[in-house]
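Undergrad: Sequence and computational prediction follow.
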Amino acid sequence: MKAKNKVALVTGGARRLGRDISISLSDLGYDIVLNYNETGKNELEETLAEISKRGVSVNAVKCDVSNVVQVKKMFHSVYAKNKRLDVLINNAAIFRHIDFLETTEKIFDKFIATNLKSTFFCSQEAAKIMLKGLEGTGRIINIASLGALENWTGFIPYSLSKVGVVKLTQQLAKRLAPKILVNAISPGTILIEKDENVTVNFEEEKKYPMKRFARSEDITSLISFLVQSNNYITGQNFTVDGGRSL
């Protein structure tokens with residue numbers, strides 16, 4: 001069943017996995033609010049054009065989600081325009097290798113602000129809108145990481161931020177039930193179509209029981225279930241890693 005007159009906001013929704021999530025939700029009939037910050041103009045316009053082909057409304061909103069003032073403004077504009085919000089996908093994040101001994105306070109704070117603080121405050125503002133709705137229902141999905149479950153010593157600030165996302169998911173699920181369902185997805189390595197994947201070590205694929213990295217559709221198909229078919233599951237972290245963590 002296609003969504004009708006429902007609105008989904010995807011943070012970091014113009015590129016890589018966020019782009020594919022935005023397009024997949026538009027395939028389901030959701031009107032899309034596409035948050036972006038540093039995405040290039042050509043990439044943004046291409047994503048908007050792809051979504052528009054689906055016959056739904058799409059609105060791009062520039063916002064640094066690590067900045068709470070900007071987050072509040074973004075959600076205010078969403079409510080002013082749509083008077084509702086049905087789905088929030090907290091996807092925006094930064095990811096890079098940084099050695100523990102070289103991690104400065106500024107670097108650490110950047111990871112926490114972009115990956116964790118943004119999830120907290122975007123969820124807070126989304127919940128305010130969702131709880132205003134006559135239906136009183138909503139779905140929040142947080143993109144966590146396999147790095148929240150394994151000890152990636154070259155990515156400690158990133159992994160810590162994603163551990164926080166998983167715990168926040170559990171706490172929000174309990175606080176916002178039964179009107180809002182909150183879940184997390186922890187992918188392993190994902191190969192994105194048209195992405196250079198320059199940091200991927202393809203030798204790692206051999207360690208995956210499924211003998212391949214994830215593709216976007218492995219994530220977007222789960223999101224489709226969680227926003228369309230799920231009316232009961234909440235507070236869960238779904239590990240999508242082809243068995244890598246076994």
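TA: Looks like it arrived, so ask away. This structure is a prediction, so every number in the text was calculated from the model and none was measured.
Undergrad: Do a quick rundown of the strands in the chain.
TA: With strands called from DSSP state E, the chain shows them at 7-10, 31-36, 58-62, 87-90, 138-143, 180-187, 190-191, 214-215, 237-240.
Undergrad: Setting aside sequence neighbours, what's the nearest residue to residue 138?
TA: residue 130 (3.2 Å; C-beta to C-beta, 6 or more residues apart in numbering). Just so you know, the C-beta spots here come from the backbone N, C-alpha and C atoms, and that holds for glycine as well.
Undergrad: quick one: that neighbour and residue 176, what's the gap?
TA: Computed as C-beta to C-beta, to the nearest Å, the residue 130 to residue 176 distance reads 8 Å.
Undergrad: Need the residues touching each of those two.
TA: residue 138 (C-beta atoms under 8 Å, 6 or more residues apart in numbering).
Undergrad: the more surrounded of the two?
TA: residue 130 (23 against 20; other C-beta atoms under 10 Å).
Undergrad: Run through the residues that contact the one residue sitting closest to the centre of the chain.
TA: Among the residues of the chain, the one closest to the centroid is residue 91, at 2.1 Å (C-alpha atoms, centre = their mean). Contact analysis of residue 91 by C-beta under 8 Å, 6+ apart lists 10-13, 17-18, 21, 143.
Undergrad: Might you list the low-confidence residue ranges for this structure?
TA: Counting by pLDDT under 70, the chain has low-confidence residues at 1, 134-135, 194-199.
Undergrad: Go through it and flag its longest helix.
TA: For the chain, the longest helix by residue count, based on DSSP state H, is helix 156-176.
Undergrad: Give me the buried stretch members for that one, please.
TA: Within helix 156-176, the residues that count as buried by 16 or more other C-beta atoms under 10 Å are 156-166, 168-170, 172-173, 176.
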